[in-house]
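Participant: test case, fold it:
(4 chains, ligands or ions: 6)
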Amino acid sequence: MKKFINAIDDLLAESLSGFAGAHRELVSLHLEPTYITRAEKARDKVVLISGGGSGHEPLHAGYVGHGMLDAACPGHVFTSPTPDQMLAAAEAVECGRGVLFIVKNYAGDVMNFEMAAEMLPYEQATVITSDDVAVENSTYTTGRRGVAGTVIVEKCVGSLAETGADLATCKALGDKVNSRTASMGVALTSCTVPAAGRPTFDIAHHELEMGVGIHGEPGRRREPMRQANAIVADMIEAILHDLKPARGSEVLLLVNGFTGTPLMELYLIYHEAARMLEKRGLIIRRSLVGDYVTSLEMAGASVTVCLLDEEIRRHWDAQVQTAALRWGR
Amino acid sequence: MKKFINAIDDLLAESLSGFAGAHRELVSLHLEPTYITRAEKARDKVVLISGGGSGHEPLHAGYVGHGMLDAACPGHVFTSPTPDQMLAAAEAVECGRGVLFIVKNYAGDVMNFEMAAEMLPYEQATVITSDDVAVENSTYTTGRRGVAGTVIVEKCVGSLAETGADLATCKALGDKVNSRTASMGVALTSCTVPAAGRPTFDIAHHELEMGVGIHGEPGRRREPMRQANAIVADMIEAILHDLKPARGSEVLLLVNGFTGTPLMELYLIYHEAARMLEKRGLIIRRSLVGDYVTSLEMAGASVTVCLLDEEIRRHWDAQVQTAALRWGR
Amino acid sequence: MQTATILRAAAAARDAIVANEALIESLDREIGDGDHYINIRRGCQTVVAMRDDLAALPADAALQKIGTKLLSTVGGASGPLIASLFLAMARNIKENGGDTLPQIAAAFTAGVEAIRQRGRADVGEKTMLDVLVPVAQTFSRMAAEGCDRRLLLETLKREAEQGMLATRDMIASKGRAAFLGERAIGHIDPGAKSSQVIIGAICDLAAE
Amino acid sequence: MQTATILRAAAAARDAIVANEALIESLDREIGDGDHYINIRRGCQTVVAMRDDLAALPADAALQKIGTKLLSTVGGASGPLIASLFLAMARNIKENGGDTLPQIAAAFTAGVEAIRQRGRADVGEKTMLDVLVPVAQTFSRMAAEGCDRRLLLETLKREAEQGMLATRDMIASKGRAAFLGERAIGHIDPGAKSSQVIIGAICDLAAE
Ligand SMILES: Nc1ncnc2c1ncn2[C@@H]1O[C@H](COP(=O)(O)OP(=O)(O)O)[C@@H](O)[C@H]1O
Ligand SMILES: Nc1ncnc2c1ncn2[C@@H]1O[C@H](COP(=O)(O)OP(=O)(O)O)[C@@H](O)[C@H]1O
Ligand SMILES: [Mg+2]
Ligand SMILES: [Mg+2]
Ligand SMILES: [Mg+2]
Ligand SMILES: [Mg+2]
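Facilitator: Ligands and ions are numbered 1, 2, ... in the order given. Below you'll find the model as predicted:
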């Protein structure tokens, strides 16, 4: 394992303090328990709190700021945070309009946020994101994994919350965006959990993992490495099979890197994906390309398509001021 | 070699078309010869044109837009672009106030831009960036390499040019920022030039390359892998030895990833670097952390320190609207 | 049940988990995300480190304190589940006492029930419950029959092993492995393994 | 000099470069950035592909066209340098003719001089000039002496090899390798190698 770390036990705290230092004007870091809030507490709005295991940076702390999250609770690498973090974060940011948890659909995240919700002294609701179509629902009961689409949910609900919308309305938009969003990922290399010290999975030089999870969980199948257009075609296929968009639908296309794949290749993937979507009669109205939901050092990428409507598009375009997303005003 | 590509000869064109498609509102792509301009041509200002070999994305195309570059000329991977590209780009964007070339100090880039300058029918000046302190000047005559500090030069001069400053003034600021900026990089893994198909250098699991160049060129020395704080200490040492800043100086700290290193680790590097700079009595006034000048898939990072003054700080803070840097207004 | 016993059990569990690091870790790498060993070890170490704060407390208060602490230190899926087990055991002992073997069996059963509730899961879903549920059932039955202690411990240990091994051929319908469908078959569930290891260690301790 | 000869030379150069791919590429990987082989091959292929546009032209016009084309296709450090060589040769032949051996030697010397100008470099700096300069000098001298053709070609080939090998022990003061200081010692300069390969191939062709 080759990483820029000192002691494994200090990695998270040191990295978070670097994050907070580099973005002083945007965020504040709190320790014991660990959570990140906006530097300036918002007023009179539903507060959005998300969190999850670390190793997916900039998710979630990178999305704390005006127009998006009010607080984020980072857990250990790939390990969901604990209820005390969520409770402390809620107490720090709640301002009378209630708390909305945004949670990626993993047993650990769901159960920890659930226990926090049970103990929470505020009005509360939870949006669970589950955009990963690599997982075919039928075979089991817990639903799909939440992956890169989570950023779109957090961005849109974040914008709505700034308008003063109430908790139920915010939750409804979150569920709507999630239901209109589908993602598919592929890995070319594995990631290595620092505390484990070795790659989560072995993958041969001529292989790729189609449908990999953002924790390096196995996907749909191990396949021979192929040309980009063939790989992207399978991802788009899986996504459209799930979304079944009508011709002429307007979409947001997100090409997300897991870390190890160069931006040059992400843009090539975007080029292929856009071509294929347009061939299906879809209109790409909004785009985002870069590392937004990563998996430690893994080389690979995911493609996410979100079916826009006027409301989602408006909230996507709305001003956002966070470490990782910044536009508008 | 494991990359998201179709045919090696199409990589650049496909990637650029993806870039242009994903950022329609910001840039336009021109082919034969290849260059990228702002979607909206600027008026009555000195135009900034940069370029260089591809494989360093988002450099330079990602910095085309209001407040930064007017055009970028991408070459093949790690191969400087050719004079015809620069001439065509200049013709497309020049608007009566002259052309400023911003060129990283490599023989190929310098000579190609030089030949373009000789043929250029407009008033013209060139800023050559050379911030890499891994290279100790004494030993040879061509000066240092231009690396991540180039982004700071392009950002500040870009801001100045928007104010209507003349060519000489823009060139002067570029030279000033370059002279006040120092960078040092380290690689944990190699990069692979697609057309070459194999790693540019071999590096053992327990080794790092201290002072590596952004093309995977060897640096100061091959060393045993160490803890982050020891690695960063050497980088800061080299940078401060070059800049010799007075205690109390205000600095911009840029921690730049080469691609393969997770954001989590970049923030840890930032944490260490900031600690060390502050211990030397320096004041970190501005920060930037992320992948801004990359080296294909290489794992590693560089630290850049720029000595701020009121002018540089003002131009750093000024509004910028590009694919890779976006703030203000 | 004495608090001292709980602390000895925690130390034994910690040692057993550490002794099985490689296996537990690789299981979660195969069908999970590779952190189960780290999470469980963190939990065990936390409890062991609480020794001094707990020593003076009655068993129910100690279990309560442990559960709360685990909830804020383990994280992941196993954190809230294991915490629920301790909190439910604490509640049960507080109400019904925890001195006799049947009382302890009842408390453990209540703890396992709490995991089922929290995880919305049951036997056969390829989780730690495939170890915990049969062990709890057998424990209660044999404790009621007032059987021989040695036989009880051996039986529980065997139950735990069988439950753990049984997860190998299951498709998971809960937890991270549930996302793998068919591909989870042939891999033992890491939580089932760690639970079996801990139960085995505690049985050995009790047999001394 | 006939344009047909230039085209045959280009084809021979292309074949020789391709035959030396592994070596040339690894040299630029060792002390450069790994693209020299690709750049030079791109240059050779470009010229070969121009065959039909060039066939009808006189040598000076052909060299002019080639130089301009190389300038916009090769890139890197070698692009402007090689382009400068062709453009200067074209100019020289246009002015002084390129029929006799001394005229051709003079044109080549002018081309090498143009590389020196453009690269602000000279012999001993670990570049292609360590091959080109001695070859140009010997070429001019022997052409003036009106020596035996076979001997001339053998001598030029040897000069090229010696110049290439000499770069191994040099510290580079120009080009990418200049950034390596001491670490460049022990590695042959890729541009010197490709130049030697091409000169060797042209000498062999001319010897037929
Ligand atoms: N819903 C559930 N009910 C019972 N046990 C579960 C459930 N979900 C997960 N588990 C158990 O938790 C174990 C994984 O724990 P761990 O790796 O620490 O958490 P995570 O899966 O969040 O990384 C699984 O092996 C399984 O035994
Ligand atoms: N200033 C210079 N003068 C003469 N030759 C040079 C100069 N700089 C570089 N070269 C030659 O160019 C070669 C490298 O060419 P190439 O790899 O194609 O370009 P780049 O170095 O830009 O990648 C070097 O090996 C050297 O022989
Ligand atoms: Mg986990
Ligand atoms: Mg090059
Ligand atoms: Mg796990
Ligand atoms: Mg090169």
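Participant: which phi and psi values does A:Y270 adopt?
Facilitator: The phi and psi torsions at A:Y270 (degrees, to the nearest 10) take the values phi -60, psi -40.
Participant: next: A:L100.
Facilitator: Dihedral pair for A:L100: phi -110, psi 120, per degrees, to the nearest 10.
Participant: neighbours of it, just the number please.
Facilitator: By other C-beta atoms under 10 Å in any protein chain shown, 27 other residues sit near A:L100. Every C-beta, even on glycine, is put in place using the N, C-alpha and C of the backbone.
Participant: tell me what it is bridged to.
Facilitator: On the basis of DSSP bridges, A:L100 is bridged to A:L48, A:A125.
Participant: against C:G186, how distant is it?
Facilitator: 40 Å (C-beta to C-beta, to the nearest Å).
Participant: list the contacts for the closest residue to A:L26 other than its chain neighbours?
Facilitator: Using C-beta to C-beta, 6 or more residues apart in numbering or on different chains and skipping the chain neighbours, the partner closest in space to A:L26 is A:G65 (4.9 Å). Applying C-beta atoms under 8 Å, 6 or more residues apart in numbering or on different chains, one finds that A:G65 lies in contact with A:26-27, A:38, A:320-323.
Participant: sitting in strands, which of the residues you listed do you find?
Facilitator: Judged by DSSP state E, the contacts of A:G65 include A:27, A:38, A:320-321 as members of strands.
Participant: how close does the nearest residue to A:P194 once chain neighbours are set aside get to ligand 2?
Facilitator: Computed as C-beta to C-beta, 6+ apart, the closest residue to A:P194 that is not its neighbour in sequence is A:I8, at 5.0 Å. A:I8 sits 40 Å away from ligand 2, going by C-beta to the nearest ligand atom, to the nearest Å.
Participant: A:I49 now?
Facilitator: 50 Å.
Participant: leaving out the residues flanking it, which one is nearest to that residue?
Facilitator: With sequence-adjacent residues excluded and distances taken as C-beta to C-beta, 6+ apart, A:I49 is closest to A:A71, at 4.7 Å.
Participant: likewise C:L153?
Facilitator: Distances taken as C-beta to C-beta, 6+ apart place C:C203 nearest to C:L153, at 4.3 Å, with adjacent residues excluded.
Participant: contact partners for that neighbour?
Facilitator: Each residue near C:C203 by C-beta under 8 Å, 6+ apart is listed here: C:153-154, C:156-157, C:160.
Participant: now do the same contact list for A:A107.
Facilitator: Contacts for A:A107 were tallied using C-beta under 8 Å, 6+ apart; they are A:142, C:77, C:119, C:174-176.
Participant: assign the closest residue to ligand 2 within chain A to helix, strand or coil.
Facilitator: Proximity of chain A to ligand 2 (C-beta to the nearest ligand atom) peaks at A:M264, 17.6 Å away. With DSSP: H, G, I helix; E, B strand; the rest coil as the basis, A:M264 sits in helix.
Participant: residue contacts, it?
Facilitator: Going by C-beta under 8 Å, 6+ apart, the list of residues near A:M264 reads B:11, B:15, B:54-55, B:57, B:296.
Participant: so which of those residues are also by ligand 1?
Facilitator: When the contacts of A:M264 are filtered against ligand 1 using C-beta under 6 Å from any ligand atom, no residues are retained.
Participant: of the residues you listed, which is the most crowded?
Facilitator: Tallying neighbours with other C-beta under 10 Å puts B:G55 at the head of the contacts of A:M264, with 32 neighbours.
Participant: so how far is B:A196 from that one?
Facilitator: Taking C-beta to C-beta as the measure, B:G55 falls 11 Å from B:A196.
Participant: so where do the strands sit in chain A?
Facilitator: Under DSSP E, chain A gives strands at A:27-30, A:35-38, A:47-54, A:71-77, A:99-104, A:124-129, A:181-187, A:207-210, A:221-224, A:250-257, A:283-290, A:300-307, A:320-321, A:326-327.
Participant: to A:V232, which of those strands lies closest?
Facilitator: strand A:300-307 (6.8 Å; C-beta to C-beta).
Participant: what's the closest one packed up against?
Facilitator: Under the contact criterion of 3 or more C-beta pairs under 8 Å, 6 or more residues apart in numbering or on different chains; DSSP states H and E, strand A:300-307 touches helix A:149-162, strand A:181-187, helix A:228-243, strand A:250-257, helix A:263-279.
Participant: parallel or antiparallel, which strands does that strand pair with?
Facilitator: For strand A:300-307, the paired strands and their directions (DSSP bridges) are strand A:181-187 (antiparallel), strand A:250-257 (antiparallel).
Participant: hey, C-alpha coordinates of the longest one in PDB?
Facilitator: Coordinates of the C-alpha atoms in strand A:250-257 are reproduced here as PDB (Å, rounded to 0.1, in the frame of the first residue of the first chain):
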ATOM      1  CA  GLU A 250     -34.000  16.200 -21.300                       C
ATOM      2  CA  VAL A 251     -31.300  14.700 -19.200                       C
ATOM      3  CA  LEU A 252     -28.400  15.600 -17.000                       C
ATOM      4  CA  LEU A 253     -25.300  13.600 -17.800                       C
ATOM      5  CA  LEU A 254     -22.700  13.000 -15.100                       C
ATOM      6  CA  VAL A 255     -19.500  11.200 -15.800                       C
ATOM      7  CA  ASN A 256     -17.900  10.600 -12.500                       C
ATOM      8  CA  GLY A 257     -14.300   9.500 -11.900                       C
END
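Participant: average pLDDT across it?
Facilitator: For strand A:250-257, mean pLDDT rounds to 98.
Participant: repeat for stretch C:95-105
Facilitator: For stretch C:95-105, mean pLDDT rounds to 96.
Participant: chain center to that stretch, what's the gap?
Facilitator: Distance of stretch C:95-105 from the chain centroid (C-alpha atoms, centre = their mean, to the nearest Å) equals 18 Å.
Participant: residues of it that come out buried?
Facilitator: By neighbour count on 16 or more other C-beta atoms under 10 Å in any protein chain shown, the buried set for stretch C:95-105 is C:98, C:101-105.
Participant: got those as JSON lines, with distance to B:K2 and secondary structure columns?
Facilitator: Formatted as JSON lines, these follow (distance: C-beta to C-beta, whole Å; DSSP: H, G, I helix; E, B strand; the rest coil):
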{"residue": "C:G98", "distance to B:K2": "58", "secondary structure": "coil"}
{"residue": "C:L101", "distance to B:K2": "59", "secondary structure": "helix"}
{"residue": "C:P102", "distance to B:K2": "61", "secondary structure": "helix"}
{"residue": "C:Q103", "distance to B:K2": "60", "secondary structure": "helix"}
{"residue": "C:I104", "distance to B:K2": "56", "secondary structure": "helix"}
{"residue": "C:A105", "distance to B:K2": "55", "secondary structure": "helix"}
